[in-house]
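1. next come a sequence and a model predicted from it.
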Amino acid sequence: MAQETENIVYEEEFISNAKGVKFFTCRWRQMNIEPKALIFLCHGYAMECSITMNSTAMRLAKAGFAVYGMDYGGHGKSDGLQGFISSFDDLIDDVSSHYTSICEKDENAGKKRFLLGESMGGAVVLLLHRKKPGFWDGAVLVAPMCKIAEDLRPHPLMISVLTKLMKVVPKWKIVPTKDVIDSAFKVAEVRSQVRENPYCYKGRPRLKTGYELLRVSMDLEKRLNEVTIPFLVLHGGDDVVTDKGASQQLHEVAQSSDKTLKLYPGMWHGLLYGEPPENTQIVFSDIVSWLDERVRDSA
């Protein structure tokens, strides 16, 4: 299926992995213009690409990039129990396989490849980089889940109990957390849109999902010094969902020779589409400027 809006062509396609699991994929590009580079979206936990990240993709496509999206298993329009991540390793394998195959098409030969991930998608980006060091040309990390904020993390005793339960009832929705939608998006209209989106998961985190999110964030936090990819990391000063201190630590300890940190005082977690328009404009101006500089440097 293809749609055209404001000179941007939007296309959707379902693909299958080796196990027969179907994944929803999509892309945005300007008509009749050779894209200056490729950008691959990695959405957050419980979110999806085609609706919640559409405004992000449209902005980047209008700036001259070809933008690709994919819903993870258990997310959006892809196969799987909604909100269920049985294995983060499998999730990374599926995303890596699809995005790598796009990069290796003849039409994309020589084009720079950038990853853009928000929240849990930031963790996905860092793990894609770890899986194929040197393959990606840069990463934009928006409030990345390098560490779950202390207020959202269950008590250690509760974690111990839930870990034991997880082995028996992995799909149960009983992980005690606050409503992330209320604390992630500053604009009330956006909170309503997310709640009304049937492809966004709204229940409590399932046991195995919560375990995988905690496991991955703790692993990333310990190994931030292994990051070598050029990156721009962005974080809201008032973010209470992911830890801005971990973004500062990433910027400090990463081995990357090209690394930039932007902290936005007063902004929340949802920097890409949860802030008032004037704030969103600042964030995207920084993102596009950073991307354009890296594309020009390779020209």
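-> Yep, it's here.

2. okay, residue 152: pLDDT?
-> Residue 152 is assigned 56 on the pLDDT scale.

3. that should have said residue 171, apologies.
-> 79.

4. now swap in residue 213 and tell me
-> At residue 213, pLDDT is 89.

5. that one and residue 88: what is the separation?
-> 8 Å (CB to CB, to the nearest Å). Just so you know, the C-beta spots here come from the backbone N, C-alpha and C atoms, and that holds for glycine as well.

6. which residue sits closest to residue 190, ignoring its sequence neighbours?
-> Leaving out its chain neighbours, the residue that sits closest to residue 190 by CB to CB, 6 or more residues apart in numbering is residue 274, at 5.0 Å.

7. since we're on the one you found, how many residues are nearby?
-> Residue 274 is flanked by 25 other residues according to other CB atoms under 10 Å.

8. which pLDDT value belongs to residue 2?
-> Reading off the model, residue 2 has pLDDT 56.

9. for the residue nearest to residue 190, grab phi and psi.
-> phi -110, psi 0 (degrees, to the nearest 10).

10. how close does it get to residue 39?
-> For residue 274, the distance to residue 39 - CB to CB - is 20 Å.

11. do the same with residue 63
-> 9 Å.

12. the more surrounded of these two?
-> Neighbour count, other CB under 10 Å: between residue 63 and residue 39, residue 39 has more, with 25 against 19.

13. I'd say that one and residue 64 touch.
-> No: contact criterion CB atoms under 8 Å: residue 39 and residue 64 do not qualify, at 10.4 Å.

14. still on that earlier bit, distance check, the residue nearest to residue 190 against residue 47.
-> Using CB to CB, residue 274 is found at 11 Å from residue 47.

15. swap in residue 21?
-> To residue 47, residue 21 is 19 Å away according to CB to CB.

16. quick one: which of those two has more around it?
-> residue 47 (24 against 15).

17. which pLDDT does the model give the residue lying closest to that one once chain neighbours are set aside?
-> In space, and not counting its chain neighbours, residue 47 is closest to residue 200: 5.7 Å by CB to CB, 6+ apart. Residue 200 is assigned a predicted lDDT (pLDDT) of 95.

18. could you do residue 161 as well?
-> 66.

19. got it, and residue 72?
-> We have a pLDDT of 98 for residue 72.

20. neighbours of it, how many?
-> Counted with other CB under 10 Å, residue 72 comes out at 26.

21. wait, is it part of a strand?
-> No: using DSSP: H, G, I helix; E, B strand; the rest coil, the secondary structure at residue 72 is coil, not a strand.

22. check which helix or strand covers residue 294.
-> Assigned by DSSP states H and E, residue 294 falls within helix 277-298.

23. buried ones in that helix?
-> Neighbour-count burial for helix 277-298, counted by 16 or more other CB atoms under 10 Å, picks out 279, 280, 283, 284, 286, 287, 288, 290, 291, 294, 295.

24. check stretch 231-245 too.
-> Within stretch 231-245, the residues that count as buried by 16+ other CB under 10 Å are 231, 232, 233, 234, 235, 236, 239, 240, 241, 242, 243, 244.

25. look up the residues forming beta bridges with the second one.
-> On the basis of DSSP bridges, residue 232 is bridged to residue 140, residue 260.

26. show me the helices in the stretch 51-200 of the chain, by range?
-> In the stretch 51-200 of the chain, the helices defined using DSSP state H, counting those that start in this stretch lie at 54-62, 88-103, 120-131, 156-166, 180-184, 188-196.

27. residue 10 bridge partners, please.
-> residue 3, residue 28.
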